[in-house]
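Enquirer: Sharing a model that was predicted from the sequence below.
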Amino acid sequence: MKLTQGARLARLSPWLPLAVIVLFGFVGIPWSTWITLSVAGLGMGMMLFVMATGLSLSFGLMDVLNLGHGALIAIGGFIGATAISGYEFGVWPALPWLHWHPGAALQAGIGLGACSLLAGLLAGLLAARAVPRPRERRRRAALPAGAGLLAAAAVALALGSRQLSLQPLLADLGVVASTFACAFVVLALVGLAFEYLFIRPVYRDPLRQILVTVGASYLIAELLKAVWGPASLSMGMPSTLVGGLSLGGVVIEKYRLLAAACGLLVYLGLQALVHRTRAGLLIRAGVENVEMVEALGYRVRLLFLAVFVGGAALAGLGGAMWGLYQGQVGTGMGAEMLVMIIIVVIMGGLGSISGCLYASVLVGLLSNYTTYIVPTVSLFSSIGLLVVVLLAWPRGLLPAR
């Protein structure tokens, strides 16, 4: 069926905020600084996406507003800080009895495996782009494809110009990949316990959900202080990821490129899960109509559990990524990020992976642009953007269909 001009404009309209924000930055900032800030905003957006997408799926599917999601992010940050210190120096905070320190060769092997996995997923995305696809799916694939190509091109140019050495880079990528894997696995187990203790007793009771999950977040904050102490825990960046790459007069922060690549990996994995597996089919059906899925005989409770555990694991991964960017983690980290995550989830559309990614990139870009142009505005720019978006698109920019 051929779309009318009005229908085409309606489909393109959710992309208007991105065009306005990019134009706003390009007009008000010198071009080299604009590129630097755009890449930084993309990296920040990908970190927000990793932290927020689990909450988006669980809220859209389970109708559970988990205000303890920020506490899960904080646990991921502390696990990440412990792991990266142990992998780099053999010193494991809160685990004084553990003295294992992997060698450089093992770390480089892990880094090579992680890079190969990312390259394979990017190649699969590019191959899929060669197959005729609906316009809507092509548009939604353009953003992650562009992020991956940008990161790959920047690393290739840096290696060619000898700003990076391959062996130390692979070793440090192995440290980071191992750290992220620890945070992901541990938070999956924590999410399993969190769902059983705090979420399962309050299904279909929104008021009690808010009270119980807020109380759980305070409890977790005190447990973190008991295990790691009240002071912030340092999370040092591996040496080859410190600083930026100079490419044609433009400086691009190395870690932001890594964050963009990790966010892209998560996005591709989630898209493959949701759109190409039976479990994904049930998740999409559950977002639309939980009662119908139950009537067909599927065990929705197990589906809810799997989604919540996966969301908690992603929260842990995002917490480790954000803590490494900040250089330290503290018990207040989760509360600080929770407001931003809720903004992203609502703006993108409940239950929408693509919407969550798009909203995260919008928030990251706007935050970086306004910090450079009008620093005082950056404090409330995301809330202002949310208000404008909801006035024009009450269901979010790219809601789940």
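Expert: Thanks, I have the structure now.

Enquirer: Pull up the gap between Arg276 and Gly54, please.
Expert: 19 Å (Cβ to Cβ, to the nearest Å). For every residue, glycine as well, the C-beta is placed using N, CA and C.

Enquirer: more crowded one of these two?
Expert: Gly54 (32 against 10; other Cβ atoms under 10 Å).

Enquirer: check which helix or strand covers the residue nearest to Leu365 when sequence neighbours are not counted.
Expert: Among residues not flanking Leu365 along the chain, Gly41 sits closest, at 3.7 Å (Cβ to Cβ, 6 or more residues apart in numbering). Using DSSP states H and E, Gly41 sits within helix 31-62.

Enquirer: and that helix, which residues are buried?
Expert: For helix 31-62, a neighbour-count test (16 or more other Cβ atoms under 10 Å) marks 34-62 as buried.

Enquirer: low-confidence ranges in the protein?
Expert: Flagging of the chain using pLDDT under 70 yields the residue ranges 1-12, 118-119, 121-166, 287-288, 401.

Enquirer: Quick check: closest non-adjacent residue to the most centrally placed residue in it.
Expert: Geometric centre of the chain, nearest residue: Val50, 1.5 Å, by Cα atoms, centre = their mean. Closest residue to Val50 in three dimensions, ignoring its sequence neighbours and counting by Cβ to Cβ, 6+ apart: Gly318, at 3.9 Å.

Enquirer: Leu350 sits in which helix or strand?
Expert: Using DSSP H and E, no helix or strand contains Leu350.

Enquirer: Now do the phi/psi pair for it.
Expert: Backbone torsions of Leu350, given as degrees, to the nearest 10, read phi -60, psi 130.

Enquirer: list the contacts for the closest residue in space to it that isn't next to it in sequence?
Expert: Nearest residue to Leu350, sequence neighbours excluded (Cβ to Cβ, 6+ apart): Gly60, at 4.0 Å. Neighbour list for Gly60: Val287, Leu350, Gly351, Ser352, Ala400 [criterion: Cβ atoms under 8 Å, 6 or more residues apart in numbering].

Enquirer: Next one: Ile373 from Trp31, what distance?
Expert: 14 Å.

Enquirer: cool, Tyr218 as well?
Expert: Distance from Tyr218 to Trp31, by Cβ to Cβ: 47 Å.

Enquirer: what do you get for Val329?
Expert: From Val329 to Trp31 the distance is 35 Å (Cβ to Cβ).

Enquirer: how close does Val307 get to Val293?
Expert: Val307 sits 12 Å away from Val293, going by Cβ to Cβ.

Enquirer: And those two? Which one has more around it.
Expert: Val307 (24 against 21).

Enquirer: What's the local residue count around Leu98?
Expert: Counted with other Cβ under 10 Å, Leu98 comes out at 12.

Enquirer: Which helix or strand contains the residue nearest to Val50?
Expert: helix 300-326.

Enquirer: Pull the contacting residues for Thr179.
Expert: Taking Cβ under 8 Å, 6+ apart, we find Thr179 in contact with Gly80, Ala83, Ile84, Tyr87, Ala320, Leu324.

Enquirer: and it, that's in a helix?
Expert: Yes: judged by DSSP: H, G, I helix; E, B strand; the rest coil, Thr179 forms part of a helix.

Enquirer: Relative to Leu233, how far out is it?
Expert: Applying Cβ to Cβ to Thr179 and Leu233 gives a distance of 13 Å.

Enquirer: ok, Gly244 touching Leu257?
Expert: No: counting by Cβ atoms under 8 Å, Leu257 is not a contact partner of Gly244; they are 9.2 Å apart.

Enquirer: Could you check which of these two has the larger neighbour count?
Expert: Taking neighbours as other Cβ under 10 Å, Gly244 and Leu257 compare with Leu257 leading, 25 against 18.

Enquirer: where's the more buried one, which helix or strand?
Expert: helix 254-276.

Enquirer: List the buried residues in that helix.
Expert: For helix 254-276, by 16+ other Cβ under 10 Å, it's 254-268, 270-271, 274.

Enquirer: go on, stretch 330-338?
Expert: Result for stretch 330-338 [16+ other Cβ under 10 Å]: buried residues Gly330, Thr331, Met333, Gly334, Ala335, Met337, Leu338.

Enquirer: out of the residues you listed, which one sits closest to Ala108?
Expert: Met333 (30.4 Å; Cβ to Cβ).

Enquirer: thinking that closest one is in contact with Gly319, fair?
Expert: Yes: assessed by Cβ under 8 Å, Met333 is found in contact with Gly319 at 7.1 Å.

Enquirer: Common neighbours of these two, please.
Expert: With contacts taken as Cβ under 8 Å, 6+ apart, Met333 and Gly319 have Ile73, Ala74, Gly77 as neighbours in common.

Enquirer: Spatially nearest residue to the second one (excluding sequence neighbours)?
Expert: Right, the one you point to is Ala74. Per Cβ to Cβ, 6+ apart, closest to Ala74 is Gly334, 3.6 Å.

Enquirer: ditto for Tyr298
Expert: Distances taken as Cβ to Cβ, 6+ apart put Leu282 closest to Tyr298, at 5.9 Å, once the chain neighbours are dropped.

Enquirer: sorry, back to before: what packs against the helix holding Gly318?
Expert: helix 31-62, helix 69-89, helix 166-194, helix 254-276, helix 278-288, helix 290-295, helix 333-348 (3 or more Cβ pairs under 8 Å, 6 or more residues apart in numbering; DSSP states H and E).

Enquirer: Work out the gap between it and the centre of the chain.
Expert: 9 Å (Cα atoms, centre = their mean, to the nearest Å).

Enquirer: Go through that helix and flag the buried ones.
Expert: Neighbour counts over helix 300-326 (16+ other Cβ under 10 Å) mark 300, 303-305, 307-325 as buried.

Enquirer: Between helix 278-288 and that helix, find me the angle.
Expert: Calculated by axes from the mean of the first three to the mean of the last three Cα atoms, to 10 degrees, helix 300-326 forms an angle of 100 degrees with helix 278-288.
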